[in-house]
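*Asks:* Starting from these lines, generate the structure:
(one chain, ligands or ions: 1)
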Amino acid sequence: MGHLRWLTAGESHGPKLVATVEGIPSGLPLLAAHVDQHLARRQRGYGRGGRMKIETDRVEIAAGVRNGRTLGSPIAMILENKDHASWHGRMGAAPFAAPPEPLTRPRPGHADLAGGLKHDTRDLRDILERASARETAARTAVGAVARRLLSEVGVDVFAHVVSIGGVTATTAGRSHEEVREIARGSDLACADPTAEARMKEAIHAASHAGDTVGGVFEVVALGVPPGLGSHVHWDRKLDGRLAQALVSIHAVKAAEIGDGWAAATGRGSDVHDAIGWDAAAHGFVRPTNRAGGLEGGVTNGSPVICRAAMKPIATLRRALPSVDVVTKEPVDAAFERSDVCAVAAASVVGEAMVAITLCDAILEKFGGDSMVELLRNVRGYRAQIHAY
Ligand code: EPS
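*Replies:* Coordinates of the predicted model:
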């Protein structure tokens with residue numbers, strides 16, 4: 001809803017990625033290390049491509065922070081693309097000395113053809129450079145700022161991989177905290193070690209076949225106060241905002257909240273979460289959380305749970321049939337270094353997008369120009385809820 005405003009700029013092999021974040025109150029402790037830890041997590045994962053060996057993403061906080069604390073002014077963050085060094089003469093703002101070879105063989109599933117048609121370019125590099133998932137490094141940096149604010153409010157966001165290449169993990173019987181800890185230690189951000197081993201086999205087999213695999217990840221937010229979002233208008237409902245945030249991630253084709261698609265098949269009595277009252281704690285309790293923490297577009301105090309489905313990456317070594325956009329002849333789609341599977345990385349980006357969306361909803365509800373003011377408002381509201 002625009003209480004937290006942010007934009008990224010940057011091409012995959014351009015000199016730098018840039019992110020600007022506006023709306024964070026003053027007085028939030030923020031160090032480059034807070035951002036770098038999540039940038040490093042995004043670069044991990046079995047099945048990543050050669051790019052991850054070249055880049056070790058580190059943020060430079062160029063504005064909006066003084067002496068380790070936010071100023072309330074726009075925060076500017078810069079990430080260097082180390083790989084840019086090998087793209088001189090092909091990427092960069094200055095006119096090229098000689099025209100580089102244009103990329104004319106669009107990859108089915110990538111933005112190449114649709115973007116080429118839209119922007120009237122026959123060098124599809126003009127499109128793919130920005131469409132690349134490299135941009136998610138900048139989103140991860142923005143998400144890290146949002147996470148810092150959320151942690152002051154007592155909200156923790158984590159993700160884990162639910163399936164890859166048709167192999168599904170089971171987390172039944174595990175607490176959210178256990179899932180978070182096991183996933184944090186896994187190469188695939190997966191909380192089921194048996195499934196993780198089979199997922200690696202699926203990635204390995206796809207790699208051998210020159211192919212790619214997708215999957216599903218789940219993002220969980222703990223400690224979310226009830227009452228974020230709104231029931232009154234389509235664009236203020238938090239479930240819709242979360243879905244938009246998740247589907248905007250590269251290669252994500254679907255998102256669900258709570259039981260999502262499965263909720264469409266059961267009866268109402270199977271789907272809805274009963275309401276109880278805990279007299280000792282003086283609070284409402286929900287023995288189940290099929291709604292994923294959202295009812296009517298508003299958080300209900302249960303953990304917020306969303307899932308996103310990522311299609312297999314569109315850059316295949318065993319290239320798919322395509323058409324040269326200049327000659328109109330049938331060709332193999334272009335292949336450049338890529339990932340075989342980036343679902344674990346996407347789960348970190350999913351954490352970032354959910355954190356950004358929740359941070360926006362928190363700023364919308366509690367406002368405040370300083371963290372002191374914001375946290376006072378949060379405390380007052382929590383006391384009000386307790387007295388309800
Ligand atoms: C990525 C950087 C990209 C790709 C990948 C993700 O770098 P490069 O194109 O130089 O290898 O590895 O992007 C895609 C798979 C894609 O389809 O755009 C990253 O930083 O995550």
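
*Asks:* least trustworthy helix or strand in the chain by mean pLDDT?
*Replies:* Of all helical and strand segments in the chain, the minimum by mean pLDDT, DSSP states H and E falls on helix 51-54, at a mean of 85.

*Asks:* is the ligand contacted by that helix?
*Replies:* Yes - Helix 51-54 comes into contact with the ligand (Cβ under 6 Å from any ligand atom), by way of residue 51. (Glycine included, C-beta is placed from N, CA and C.)

*Asks:* In the protein, mark out all the helices, start to finish.
*Replies:* Along the chain, the segments classed as helices by DSSP state H run 32-43, 51-54, 112-119, 125-131, 136-153, 176-184, 193-208, 238-247, 268-271, 343-366, 371-386.

*Asks:* which stretch among those comes nearest residue 16?
*Replies:* When those are compared by Cβ to Cβ, helix 136-153 sits nearest residue 16, at 9.6 Å.

*Asks:* got the angle for that closest one vs helix 32-43?
*Replies:* 130 degrees (axes from the mean of the first three to the mean of the last three Cα atoms, to 10 degrees).

*Asks:* Who are the packing partners of helix 136-153?
*Replies:* Judged by 3 or more Cβ pairs under 8 Å, 6 or more residues apart in numbering; DSSP states H and E, the packing partners of helix 136-153 are strand 5-9, strand 16-22, helix 32-43, strand 75-80, strand 156-164, helix 343-366, helix 371-386.

*Asks:* right, and residue 10 touches residue 135 too?
*Replies:* Yes - Residue 10 lies in contact with residue 135 (Cβ atoms under 8 Å); the separation is 6.6 Å.

*Asks:* Now list whatever residues contact both of those two.
*Replies:* Common neighbours of residue 10 and residue 135 (criterion: Cβ atoms under 8 Å, 6 or more residues apart in numbering): residue 17.

*Asks:* how about CSV for the helices and strands packed on helix 136-153, with distance to residue 204 added?
*Replies:* Below are these laid out as CSV (distance: least, Cβ to Cβ, whole Å):
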stretch, distance to residue 204
strand 5-9, 33
strand 16-22, 30
helix 32-43, 20
strand 75-80, 30
strand 156-164, 11
helix 343-366, 15
helix 371-386, 47
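
*Asks:* For residue 238, which of these is the nearest?
*Replies:* For the helices and strands packed on helix 136-153, distance to residue 238 was read as Cβ to Cβ. The smallest value, 5.7 Å, belongs to helix 343-366.

*Asks:* pLDDT at residue 1, what is it?
*Replies:* Residue 1 is assigned 53 on the pLDDT scale.

*Asks:* How about the one 5 residues further on?
*Replies:* Predicted confidence (pLDDT) at residue 6: the value is 98.

*Asks:* And for residue 49?
*Replies:* For residue 49, the predicted pLDDT is 87.

*Asks:* For the closest residue to it other than its chain neighbours, what are phi and psi?
*Replies:* Spatial nearest neighbour of residue 49, excluding adjacent residues (Cβ to Cβ, 6 or more residues apart in numbering): residue 339 at 4.4 Å. Here is the backbone geometry of residue 339 (degrees, to the nearest 10): phi -90, psi 150.

*Asks:* That concludes my questions; thank you for your assistance.
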